[in-house]
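A.B. asks: coords please:
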Amino acid sequence: MSSREKRAQKPSISAIKTMIEEATVDAYDEGEQAMGWQCAFDEHLELPFITRVLGVEVKVERIELRDDNCIVAMCKRGRERQAIPLFDLPLPKHPPAGSEWIAAYRYFSRGARS
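C.D. replies: Predicted structure coming up:
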């Protein structure tokens with residue numbers, strides 16, 4: 001199996017739950033959980049990558065934790081930059097390595113923590 005095919009596979013619920021546990025271990029509140037997710041993205045998600053937002057190609061340059069504990073993708077097109085909540089970021093047809101962490105974060109964010 002090629003690395004590109006591995007990237008395109010969706011993680012199992014079991015794998016997602018393991019990633020959630022890794023990202024949020026020892027986190028006692030929402031702020032600490034958000035910091036755990038930020039660390040997981042820094043460690044595992046291959047950046048930058050190209051995706052499309054509202055039909056326009058953008059480069060996702062970094063993942064950023066905001067003061068309100070919202071995690072956003074910082075996207076760039078030309079000179080313009082836009083923060084897109086990670087929960088809403090469309091992934092490309094061939095997602096980057098580590099994109100399974102975005103899937104785990106989305107699962108976690110929907111409240112499926114158990």
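
A.B. asks: helices along the protein, start to end?
C.D. replies: Per DSSP state H, the chain carries helices over the ranges 3-8, 13-24, 30-44, 100-109.

A.B. asks: name the residues of the second one that are buried.
C.D. replies: What it means is helix 13-24. 16-17, 19-20, 23-24 (16 or more other C-beta atoms under 10 Å). In this view, the C-beta of every residue, glycine as well, is placed from N, C-alpha and C.

A.B. asks: now stretch 83-90: how far from the chain's centre is it?
C.D. replies: Centroid displacement of stretch 83-90 relative to its chain, using C-alpha atoms, centre = their mean, to the nearest Å, is 8 Å.

A.B. asks: tell me the confidence at residue 110?
C.D. replies: Note on residue 110: pLDDT of 89.

A.B. asks: no wait, residue 23
C.D. replies: Taking residue 23 on its own, its pLDDT is 97.

A.B. asks: so it makes contact with residue 35?
C.D. replies: No: counting by C-beta atoms under 8 Å, residue 23 does not reach residue 35; the two are 9.5 Å apart.

A.B. asks: separation between the closest residue to residue 11 other than its chain neighbours and residue 52?
C.D. replies: Excluding its sequence neighbours, the residue lying closest to residue 11 (C-beta to C-beta, 6 or more residues apart in numbering) is residue 100, at 4.3 Å. Here residue 100 is placed at a distance of 20 Å from residue 52 (C-beta to C-beta, to the nearest Å).
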